[in-house]
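J.: what follows is a protein structure lacking sequence information:
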């Protein structure tokens, strides 16, 4: 299953994974996060704008260095329980899925209706459509 997700990764995500594999000691991301140089390299590899990352943290105090804020964001993300995050996002996902299903259903119904009308018009058409005189065409 993990291989499927890896194939869906963007080039930026692949670069970040490669950077983490090279610089995270024994897979311990905490050491990488605590090192300013490595953390800056991680941000650079991700292609994210530091200002946008800092702005995304509503609890950030003005005047804190951007790496400190990014470090706190990453630490919070790493300490978050995956099951809790999945449960929290499940309701949003289900709403989006239902909306998407409804849109698909409407699209399919519209296509079926359009194709049905096309078939009926094709079946009703014939040589009488070529007659230009309205009176004779009606007969």
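T.: Thanks, I have the structure now. This one's a predicted model, so the numbers in the text were calculated from it and none came from an experiment.
J.: what's the closest non-adjacent residue to residue 38?
T.: Nearest residue to residue 38 in three dimensions, chain neighbours excluded: residue 32, at 4.8 Å (C-beta to C-beta, 6 or more residues apart in numbering). C-betas here are computed from N, CA, C, even on glycine.
J.: for that neighbour, the count of nearby residues, please.
T.: Using other C-beta atoms under 10 Å, residue 32 has 19 neighbouring residues.
J.: got any ranges where the protein has weak pLDDT?
T.: Counting by pLDDT under 70, the chain has low-confidence residues at 1-2, 25, 27, 57-63, 137-139.
J.: domains in it, by residue range?
T.: 2-79, 83-138 (automatic domain parsing).
J.: most packed of the ones you listed?
T.: Most buried of those by mean neighbour count (mean count of other C-beta atoms under 10 Å) is domain 2-79; its value is a mean of 13.
J.: need the residues that contact the helix or strand hosting residue 42.
T.: Residue 42 is part of helix 36-46 when elements are defined by DSSP states H and E. Defining contact as C-beta atoms under 8 Å, 6 or more residues apart in numbering, one finds that helix 36-46 is touched by 12, 15-16, 19-20, 23, 32-33, 50, 53, 67, 70-71, 74.
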